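J.: here is a sequence with its predicted model. Questions after.
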Amino acid sequence: NRGGYLLSHAASEWLTNEYVLAVCKILLESRAFCKEELDVLLKKLLRQTAPQDRAQVRKLILSEQHYYVPLRHGKKLLSAIWELSQHMTAQHTIRISYCRQDGTERVHEVNPVAIMFSEYYFYLIAYLVDGRKEFPTIFRIDRIVRFEATGATFRVTHSGKFSDGEFRKRIQFMYAGELRRVTFDYSGASVEAVLDRLPTAKIVSEDGGIYRITAEVYGNGIDMWLRSQGSVVKVVDQKK
């Protein structure tokens, strides 16, 4: 009748208000993006809900969005994350200029294998081209000043393929290092919280409310967590 085609959006294809509300809450709590990028993301998410639900969801996040406190670096990250992921997918060796916490800038040639988010920040997981480390190096993406492809490519064989899922289970606070096994006794109130924090953790034994736990982890980040638990944790053994 109108001389054209009308695209209708079936109700089942809309994101429901509970889905969008949950994702919006996670984005706000993560503090991962600058205010400008966050506002765009939230706006686009709200547009995926059924029209009759939008006002309700918007009202539920309005206060948190208004008082949102972004991280101090204040950088836009979405474009960098996407471009780095393109190099990673194409297995391009890249050269990055990286600003360390002390303000010094270093240049590295790396083979990118994963992009991960943890504890407020996005990270690039990559192997140094010079091969001086057998384990991957972790770079905060907001500290990468610039990056470019070197023109070289790399190949990861199936047997040696990096698994970001397995890596995530064994990394704490994104501190890289060699793989090791830590055994400790836990006498706190919630062993469930320990198992949630350390996905590779297994309870070896239990005696009078004291749990002996072992876990595989990369690097020294686990030491920070163990110390933060105070007297309820006692390290028994650490092996590489």
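T.: Arrived safely.
J.: now do the same contact list for residue 170.
T.: Contact analysis of residue 170 by C-beta atoms under 8 Å, 6 or more residues apart in numbering lists 179, 199-200, 216-218. Any C-beta I mention is one placed from the backbone N, CA and C, and that applies to glycine too.
J.: what is the burial count for residue 216?
T.: For residue 216, the neighbour count with other C-beta atoms under 10 Å is 18.
J.: report all helices and strands that the helix or strand bottoming out on mean pLDDT in the chain contacts.
T.: Least confident helix or strand, the chain: helix 164-169 with a mean of 72, by mean pLDDT, DSSP states H and E. Counting contacts by 3 or more C-beta pairs under 8 Å, 6 or more residues apart in numbering; DSSP states H and E, helix 164-169 packs against strand 105-118.
J.: pLDDT averaged over the helix or strand that the strand it packs on is followed by, what's the number?
T.: Using DSSP states H and E, the helix or strand that directly follows strand 105-118 along the chain is strand 121-128. The pLDDT scores in strand 121-128 average 93.
J.: now for strand 121-128, which elements pack on it?
T.: strand 105-118, strand 137-140.
J.: closest one to residue 72 among the ones you listed?
T.: Checking the helices and strands packed on strand 121-128 against residue 72 by C-beta to C-beta gives strand 137-140 as the closest, at 12.4 Å.
J.: indicate each strand paired with that closest one and its parallel or antiparallel sense.
T.: Partners of strand 137-140 in the sheet, by DSSP bridges, are strand 121-128 (antiparallel).
J.: report the contact partners of residue 87.
T.: Per C-beta under 8 Å, 6+ apart, neighbours of residue 87: 94, 112, 147, 149.
J.: swap the cut-off to 6 Å and go again
T.: When the contact criterion is C-beta atoms under 6 Å, 6 or more residues apart in numbering, the partners of residue 87 are 94, 112.
J.: show me what the longest helix anywhere in the chain is packed against.
T.: Assignment by DSSP state H gives helix 51-66 as the longest helix of the chain. Contact here means 3 or more C-beta pairs under 6 Å, 6 or more residues apart in numbering; DSSP states H and E; on that basis helix 51-66 packs against helix 17-30.
J.: helices and strands around whichever strand or helix holds residue 152, which ones?
T.: Per DSSP H and E, residue 152 falls inside strand 144-153. Secondary-structure packing of strand 144-153 (3+ C-beta pairs under 6 Å, 6+ apart): strand 92-99.
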